[in-house]
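> Let's see this in three dimensions:
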Amino acid sequence: MGKLDGRVAIVTGCGRGFGRAIAALFAREGALLSVCDVIPRGELEGGVGKEIESLGGRALCFQTDVSDETQVASM
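Next up is the predicted model:
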């Protein structure tokens, strides 16, 4: 049982680096994830999305620039 079981987390900057590491940690702790980055959605799904699935987690991936309110609202 993880510390975040059943909770939902939105993690930005998930394509690489700290954002990706945070998403993986949250997945290991049982969070359901919405992950986003400015890189194309297919790259997110093939990278961090597959990593989260391999950890037993679930994630929705979005290409989103969080500095753009319209894109954030759409996410």
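> Which of the three states applies to the residue nearest the centre of the chain?
Nearest to the geometric centre of the chain sits V35, at 2.3 Å (C-alpha atoms, centre = their mean). Following DSSP: H, G, I helix; E, B strand; the rest coil, we place V35 in the strand state.
> cool, and D65?
Using three-state DSSP, the structure places D65 in coil.
> Hmm, it is touching V38, no?
Yes. Using C-beta atoms under 8 Å, D65 is in contact with V38, at 5.2 Å. The C-beta positions use only the backbone N, C-alpha and C, and glycine is treated the same way.
> all helices in this protein, in order from the N-terminus.
17-28, 41-44, 50-54, 69-74 (DSSP state H).
> show me the contacts for the residue of the chain most remote from its centre.
Largest separation from the mean C-alpha position in the chain: M1, at 20.1 Å (C-alpha atoms, centre = their mean). Going by C-beta atoms under 8 Å, 6 or more residues apart in numbering, M1 touches G30.
> S34 versus that one, what's the distance?
According to C-beta to C-beta, to the nearest Å, M1 stands 22 Å off from S34.
> repeat for K50
For K50, the distance to S34 - C-beta to C-beta - is 16 Å.
> picking up where we left off before, so for the residue nearest to the centre of the chain, what's the pLDDT?
For V35, the model assigns a pLDDT of 96.
> same check, this time on G56
For G56, the pLDDT comes out at 89.
> What's the separation between it and G2?
10 Å.
> More neighbours: which of these two?
Between G56 and G2, counted using other C-beta atoms under 10 Å, G2 has the larger neighbour count: 15 against 10.
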